[in-house]
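> coordinates only, sequence not included:
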């Protein structure tokens, strides 16, 4: 039993010495893994994002005098109204209707919407592989959200502040990191296997 206990630290020391001697193997395999991740990153099609903003504005209900009481009630629930509009803007149905309006495909398209800070500004961002499609989709989603606001709440109007502009999204460097980490583990494993064969 004592021999086994003494043998374990010796074996760990031998493993450590082997890794120190063969550090270059680990480094090469790690760099190869990172290179594969880098290649995969640049082989992905480019992604574009179109951003636009809309602001909630008080509608004409107060000018006409009709429906003033329900309008006052809706004004006290601004946060409920804005969260409803965000949900509508990011819903699957809105995405499908916007795609139908623009004759675009929903393949590789993602839509995000949120209220900016503690304001009445709605930000809509659409990502996709085609800059023209992302711009058209951002406009269409905004128009759908504005129509919903007009129909559901009548007190508010959703008015566009900024026209969407498509910018290229930075590549995802996560694949390079995963490739490098995978290469590091594979390099350690290959050094360990080569030591066991001796």
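All right, it came through fine. Quick caveat, the model's predicted, so the values are computed rather than measured. Numbers count the residues shown, from 1 in each chain.
> Do a quick rundown of the strands in the chain.
Chain-ordered strands for the chain, with DSSP state E as the definition, fall at 48-58, 110-115, 121-128, 156-168.
> right, so of those, which gets closest to residue 140?
Distances from residue 140 to each of the strands of the chain were compared using CB to CB; the shortest belongs to strand 121-128, at 9.0 Å. Just so you know, the C-beta spots here come from the backbone N, C-alpha and C atoms, and that holds for glycine as well.
> Return the list of helices and strands in contact with the closest one.
Helices and strands touching strand 121-128, as assessed by 3 or more CB pairs under 8 Å, 6 or more residues apart in numbering; DSSP states H and E, comprise strand 48-58, helix 78-89, strand 110-115, helix 131-153, strand 156-168.
> need those in CSV with mean pLDDT, can you?
Formatted as CSV, the helices and strands packed on strand 121-128 follow (pLDDT from 0 to 100):
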stretch, mean pLDDT
strand 48-58, 89
helix 78-89, 84
strand 110-115, 92
helix 131-153, 90
strand 156-168, 88
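> So for residue 40, which of those sits nearest?
Evaluated with CB to CB, the helices and strands packed on strand 121-128 place strand 156-168 nearest to residue 40, the distance being 18.1 Å.
> returning to that earlier point: mean neighbour count, the helices and strands packed on strand 121-128: which tops it?
Highest mean neighbour count of those: helix 131-153, a mean of 21 (counted as mean count of other CB atoms under 10 Å).
> From the chain's centroid, how far away is that helix?
Distance of helix 131-153 from its chain centroid, counting by CA atoms, centre = their mean, to the nearest Å, is 20 Å.
> list the helices and strands it packs on?
strand 48-58, helix 78-89, helix 92-102, strand 110-115, strand 121-128, strand 156-168.
> What angle do strand 48-58 and the fourth one make with each other?
Compare the direction of strand 110-115 with that of strand 48-58 by axes from the mean of the first three to the mean of the last three CA atoms, to 10 degrees and you get 30 degrees.
> Name the strands paired with strand 110-115 and say parallel or antiparallel.
Using DSSP bridges, strand 110-115 pairs in its sheet with strand 121-128 (antiparallel).
> one step back: dump the helices and strands packed on helix 131-153 to JSON lines, plus distance to residue 190.
Compiled in JSON lines, the helices and strands packed on helix 131-153 are given as follows (distance: least, CB to CB, whole Å):
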{"stretch": "strand 48-58", "distance to residue 190": "41"}
{"stretch": "helix 78-89", "distance to residue 190": "51"}
{"stretch": "helix 92-102", "distance to residue 190": "47"}
{"stretch": "strand 110-115", "distance to residue 190": "39"}
{"stretch": "strand 121-128", "distance to residue 190": "39"}
{"stretch": "strand 156-168", "distance to residue 190": "38"}
